[in-house]
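Colleague: sequence first, then the predicted structure, then my questions.
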Amino acid sequence: MTDVQHLSSAPPPSPVARVDPEDLGEAIRSVLAARIRVAPDRLPDSLTLEDLGLDSLLLAESLVALESRFDVVIDPLRFAERLTPGLPLGDLIAELAAQIGAAR
């Protein structure tokens, strides 16, 4: 089975309605963790994007995954100037949670 076949046969993500607002940050962390293939509990807020190896391509893929998961459109321009290798994960999650929460 190819990777494409594997991905297409995966069950659809659960709807965003099932995510409580207070759990939104953890849901975002889980999506990001899946993209970089680590356990969510191994991603403290203090790690930077550089520490995580989140380059621009992987970050773009992560944003697409988040848009799909939460059925929203994320505007990366809202925080593009802050998207530096030194940005802490907690800050990225907070910004994404604000955008996703506002779009719901």
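Modeller: Received, thanks.
Colleague: where does the closest residue to Leu52 other than its chain neighbours land on pLDDT?
Modeller: With sequence-adjacent residues excluded and distances taken as C-beta to C-beta, 6 or more residues apart in numbering, Leu52 is closest to Ile36, at 5.9 Å. Bear in mind the C-beta positions are built from the backbone N, C-alpha and C, glycine included. At Ile36, the pLDDT value in this model is 91.
Colleague: isn't Ile36 up against Glu61?
Modeller: No: contact criterion C-beta atoms under 8 Å: Ile36 and Glu61 do not qualify, at 10.0 Å.
Colleague: now the residue nearest to the spatial centre of the chain: how far from Asp51?
Modeller: Nearest to the geometric centre of the chain sits Leu32, at 4.1 Å (C-alpha atoms, centre = their mean). Counting by C-beta to C-beta, to the nearest Å, the gap between Leu32 and Asp51 amounts to 13 Å.
Colleague: any idea whether Ile74 is helix, strand or coil?
Modeller: coil (DSSP: H, G, I helix; E, B strand; the rest coil).
Colleague: and the gap between it and Ala39?
Modeller: Noted for Ile74: a distance of 24 Å to Ala39, by C-beta to C-beta.
Colleague: higher neighbour count, those two?
Modeller: Just comparing Ile74 and Ala39: by other C-beta atoms under 10 Å the higher neighbour count belongs to Ile74, 18 against 9.
Colleague: burial of Ile93, as a residue count?
Modeller: Ile93: 19 surrounding residues under other C-beta under 10 Å.
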